[in-house]
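In: structure, please.
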Amino acid sequence: MGHNHSHDHSHSHIHSDLKGRNLLISIVLNILITVSQVIGGLISGSLSLLSDALHNFSDVISLVVSYIANRLAKKEASIHRTFGYKRAEILAAFVNASALIVVAILLINAAIHRFSDPKHIQSGLVIWLSVFGIIMNGLSVLLLKKDAKSNLNMKSAYLHLLTDMMASVAVLIGGIFMELYQVFWVDSVLTLVIALYLIYMGYDLLKDSTKMLMLFTPDNIPIHKIVEEVNQFESIQNVHHVHVWQLNEREIHFEAHIDFNEDIAISKFDEVLHEIEALLLEKYDINHVNIQPEFSKDDNKDMIVQD
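Out: Residues are numbered from 1 along each chain as shown. Next up, the predicted model:
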């Protein structure tokens, strides 16, 4: 069965190279932030600065995973990998979201312990290093913003950087408060706020990537309605054994068995198939259709069948 899909390969190659380059620059920037904040956090005694460093370290890991996934996604399909590495970016998004939540739990635990044992903090160092973090993360956010709108993996990397920039802003405000008023419990409060925000941002991303990995039907695909519409075709008696899944952000697959009213020629089936493909693409953005034609076949006619 054929598909009519046109792609501007030269444009997508240039865009993908730019995307990879931007990720690589962001990785270098975040390594600089992490190293400076770890040293500064240990010297100043600031848990919020160390938590920001830990968050940045998770950024480095997630960006490296995203970079590798971005490179793998461009590899051609083969006999042993018929889909190529198209799902690498979804897997990367899942790993990144999981890392956000794990880091958040570690931060909450550390902040709770610090509440019972507050320490004096060199707030001047906290202020300068948080400003440095804001500038570096701000540059990274700008580099990835465009690609984050159309790619789940890039969105996960973008969210990591955006939350870390906001965390650095919070640490800066906390540093100013500590410098002016000597209220060092602010450090633990900020750590808790950063951690809770990490969980909030990571949850949706974890949920979306899990749905794709589990091949769940995309939320915007109404299977019952699609089956009703395809059943309206004059030559079709029944649509059953339906599967709909999202391979990655660009590909939604539809698979079904279709009973025909009569024993039609292959050329006639191709005409009907073309009409079904057009319907699914125009109304539901389903761009890969696989239909198994049947006539008087004795099999399960339920719409959804557990394989």
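In: so Q292, which of the three states?
Out: With DSSP: H, G, I helix; E, B strand; the rest coil as the basis, Q292 sits in strand.
In: if I read this right, it contacts A256, doesn't it?
Out: Yes. Q292 is within contact range of A256, at 7.3 Å (criterion: CB atoms under 8 Å). C-betas here are computed from N, CA, C, even on glycine.
In: those two: which is more packed in?
Out: Between Q292 and A256, A256 has the larger neighbour count (other CB atoms under 10 Å), namely 20 against 13.
In: for the nearest residue to the more buried one once chain neighbours are set aside, give me its contacts.
Out: The shortest distance from A256 to any non-neighbouring residue, by CB to CB, 6 or more residues apart in numbering, is to V242 (4.6 Å). Residues near V242 by CB atoms under 8 Å, 6 or more residues apart in numbering: I223, I226, V227, F254, E255, A256, M303, I304.
In: please apply the same query to I68.
Out: Counting by CB under 8 Å, 6+ apart, I68 touches A88, A92.
In: quickly find the element holding it.
Out: helix 47-72 (DSSP states H and E).
In: buried residues, that helix. List them.
Out: Residues 47-67, 69-70, 72 are the ones in helix 47-72 that count as buried (16 or more other CB atoms under 10 Å).
In: how about stretch 82-94?
Out: Buried residues in stretch 82-94 (16+ other CB under 10 Å): Y85, K86, R87, A88, E89, I90, L91, A92, A93, F94.
In: and for the closest residue to D208 other than its chain neighbours, the neighbour number?
Out: Nearest residue to D208, sequence neighbours excluded (CB to CB, 6+ apart): L152, at 6.7 Å. Close neighbours of L152, defined as other CB under 10 Å, add up to 22.
In: test my guess that L152 contacts R250.
Out: No. If you go by CB under 8 Å, L152 and R250 don't touch, sitting 10.4 Å apart.
In: still on that earlier bit, which strand or helix spans the residue nearest to A256?
Out: Going by DSSP H and E, V242 is part of strand 236-248.
In: how far does that strand sit from the chain's center?
Out: On the basis of CA atoms, centre = their mean, to the nearest Å, strand 236-248 sits 25 Å off its chain's mean C-alpha point.
In: name every strand pairing with that strand and say which way it goes.
Out: strand 251-260 (antiparallel) (DSSP bridges).
In: pLDDT (mean, whole number) over the partner strand?
Out: Average pLDDT, strand 251-260: 95.
In: ok, then the element right after that strand?
Out: Next element after strand 251-260 (DSSP H and E): helix 266-284.
In: average pLDDT across that following helix?
Out: The model assigns helix 266-284 a mean pLDDT of 96.
In: ditto for stretch 47-62
Out: The pLDDT scores in stretch 47-62 average 80.
In: what does stretch 199-213 give?
Out: The average pLDDT within stretch 199-213 is 89.
In: stretch 126-136 too?
Out: Rounded mean pLDDT across stretch 126-136 is 92.
In: list the buried residues of that stretch.
Out: V126, I127, L129, S130, F132, G133, I134, M136.
In: cool, stretch 243-250 as well?
Out: For stretch 243-250, by 16+ other CB under 10 Å, it's V244, W245, Q246, L247, N248, E249.
In: rebuild these as JSON lines, extending it with distance to D187.
Out: Output for the buried residues of stretch 243-250, formatted as JSON lines (distance: CB to CB, whole Å):
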{"residue": "V244", "distance to D187": "49"}
{"residue": "W245", "distance to D187": "46"}
{"residue": "Q246", "distance to D187": "43"}
{"residue": "L247", "distance to D187": "45"}
{"residue": "N248", "distance to D187": "41"}
{"residue": "E249", "distance to D187": "39"}
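In: any idea how far S123 is from L180?
Out: In this structure, S123 and L180 are 9 Å apart, going by CB to CB, to the nearest Å.
In: ok, these two, which is more surrounded?
Out: Higher neighbour count among S123 and L180: S123, with 25 against 9, using other CB under 10 Å.
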